[in-house]
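Trainee: what's the 3D shape of this:
(chains A and B)
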Amino acid sequence: DTEVTQTPKHLVMGMTNKKSLKCEQHMGHRAMYWYKQKAKKPPELMFVYSYEKLSINESVPSRFSPECPNSSLLNLHLHALQPEDSALYLCASSQGGQGTWETQYFGPGTRLLVL
Amino acid sequence: DQQVKQNSPSLSVQEGRISILNCDYTNSMFDYFLWYKKYPAEGPTFLISISSIKDKNEDGRFTVFLNKSAKHLSLHIVPSQPGDSAVYFCAASDGTSYGKLTFGQGTILTVHP
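Mentor: Numbering: from 1, shown residues only, chains lettered A, B, ... in the order given. Okay, here's the model as predicted:
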């Protein structure tokens, strides 16, 4: 099973709303990632969790707040977003360990529209 | 500063022929390279990878070639099938940052029946 699931598939929110994106994997992977992808652009890394600890924050604005409740779950809390934050948000996971970090399995993404 | 470049936005190939997708990189610290395939409304799917200690890796119809001196890699698909039509992303990692991947802009491959 190489499945990463993400909910919701689509989300429309106003600039004053608070919402959360959820990601789940049951492959026993110890690294989980959030990427942002704008239209016709490549995915860009936002956060990396390694063994449930935040390991990389790519200078993401504080209106995005990640959380890793356990090794299978990854959340992205959204608050006071801007219209330019509208994008596809992708979650990924990898085994986590020498030679395995890079092979990442992606979920289908959440398409976010901020009005 | 685009460290991974895919200079061909699109490629059109006849079914049964070879598809060759190209990727160039500028960061000499990159030592692991991957290709991902992405269908619309889906996340990227891992296809094949290569370490910098190798110059070729093969998996079924997919072969990746790495030319370190030219900082160039390519993905060969043979024979191409209509189901291969997708966006292909090249990605690179320097092996030091928890698997942080730097992606190229992607190439849209269309395989015609």
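Trainee: Could you show which parts of chain B are in contact with chain A?
Mentor: Chain B comes close to chain A at residues B:32, B:34, B:36, B:41-46, B:49, B:89, B:91, B:93, B:95, B:97-101, B:103-106, as judged by Cβ under 8 Å from any Cβ of the partner chain. Where C-beta positions appear, they are placed from N, C-alpha and C, glycine not excepted.
Trainee: Work out for me the element the residue of chain A found nearest chain B sits within.
Mentor: Closest to chain B within chain A is A:W101: 2.8 Å, counting by Cβ to the nearest Cβ. A:W101 belongs to no helix or strand when elements are defined using DSSP states H and E.
Trainee: Let me see the mean pLDDT of stretch B:82-101.
Mentor: Averaging pLDDT along stretch B:82-101 yields 92.
Trainee: typed the wrong thing, it's stretch A:76-90
Mentor: Here the average pLDDT along stretch A:76-90 is 96.
Trainee: OK, contacts around B:Q3?
Mentor: B:Q3 makes contacts with B:25-27, B:30, B:92, B:102, as judged by Cβ atoms under 8 Å, 6 or more residues apart in numbering or on different chains.
Trainee: how close does the closest residue to A:F106 other than its chain neighbours sit to A:Y51?
Mentor: Closest residue to A:F106 apart from its sequence neighbours, by Cβ to Cβ, 6 or more residues apart in numbering or on different chains: B:G43 at 3.3 Å. According to Cβ to Cβ, to the nearest Å, B:G43 and A:Y51 sit 23 Å apart.
Trainee: Compare neighbour counts for these two and give me the winner.
Mentor: The neighbour count for B:G43 versus A:Y51, taken as other Cβ atoms under 10 Å in any protein chain shown, is higher for B:G43 (22 against 12).
Trainee: On the pLDDT front, check the more buried one for me.
Mentor: 90.
Trainee: ok, it touching A:R111?
Mentor: No - contact criterion Cβ atoms under 8 Å: B:G43 and A:R111 do not qualify, at 11.4 Å.
Trainee: For the residue most central in space within chain A, name its beta-bridge partners.
Mentor: Ranked by distance to the mean C-alpha position of chain A (Cα atoms, centre = their mean), the top residue is A:W34 at 2.8 Å. Per DSSP bridges, the residues bridged to A:W34 are A:F47, A:C91.
Trainee: Thought A:L74 was touching it, still the case?
Mentor: Yes - assessed by Cβ under 8 Å, A:W34 is found in contact with A:L74 at 7.0 Å.
Trainee: between those two, what contacts are shared?
Mentor: In contact with both A:W34 and A:L74: A:23, A:66, A:91, using Cβ under 8 Å, 6+ apart.
Trainee: Enumerate every residue touching the closest residue to chain A within chain B.
Mentor: Chain A sits closest to B:G99 of chain B, with a gap of 2.8 Å, by Cβ to the nearest Cβ. Residues near B:G99 by Cβ under 8 Å, 6+ apart: A:31, A:33, A:48, A:94, A:96, A:100-102, A:104, B:93.
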